[in-house]
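# Structure here, sequence nowhere to be found:
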């Protein structure tokens, strides 16, 4: 199990990655655009966000950092202070579910822990202390 920092930008993830590459000589592990998600006929993606980053991972001094865009009017406004979360990444479903069930007490659940197209289990919440957490099952 590992804990990974997750940074959210408002339409600037690609620029941030390019900047951090110059600063740190980091390695880009993955980039997934919004357009890479399965198409939902009932809720098609606007053209204006198709090239934004849905999920990216970089390696910085041996540690992974995850990043993504959160476009305006797309679920949550990006404000300095709410643009960072801790991501619990594990292949231990039992430990993950146990921690989720305890942490969700008194929390604001953004996405209930469950299957997503990119992971068998994923959930996101803000705990009772205002800390944002993501739970990501990784095989």
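The structure has been received and is ready for your questions. It should be emphasised that the depicted structure is a prediction, and the values quoted were computed from it without experimental measurement.
# residue ranges of the strands in this structure, please?
Counting by DSSP state E, the chain has strands at residues 2-9, 27-33, 53-60, 63-69, 84-90, 108-116, 119-126, 132-137.
# Contact partners for the residue nearest to residue 45 when sequence neighbours are not counted?
Excluding the flanking residues, the one nearest residue 45 by Cβ to Cβ, 6 or more residues apart in numbering is residue 34, at 5.8 Å. For every residue, glycine as well, the C-beta is placed using N, CA and C. Contact analysis of residue 34 by Cβ atoms under 8 Å, 6 or more residues apart in numbering lists 45, 49-54, 69.
# quick one: low-confidence ranges for the protein?
1, 73-76, 81 (pLDDT under 70).
# residues touching residue 134, list them.
6, 85-88, 122-124.
# Among those residues, name the buried ones.
Applying 16 or more other Cβ atoms under 10 Å to the contacts of residue 134, the neighbour count classes 6, 85, 87-88, 122-124 as buried.
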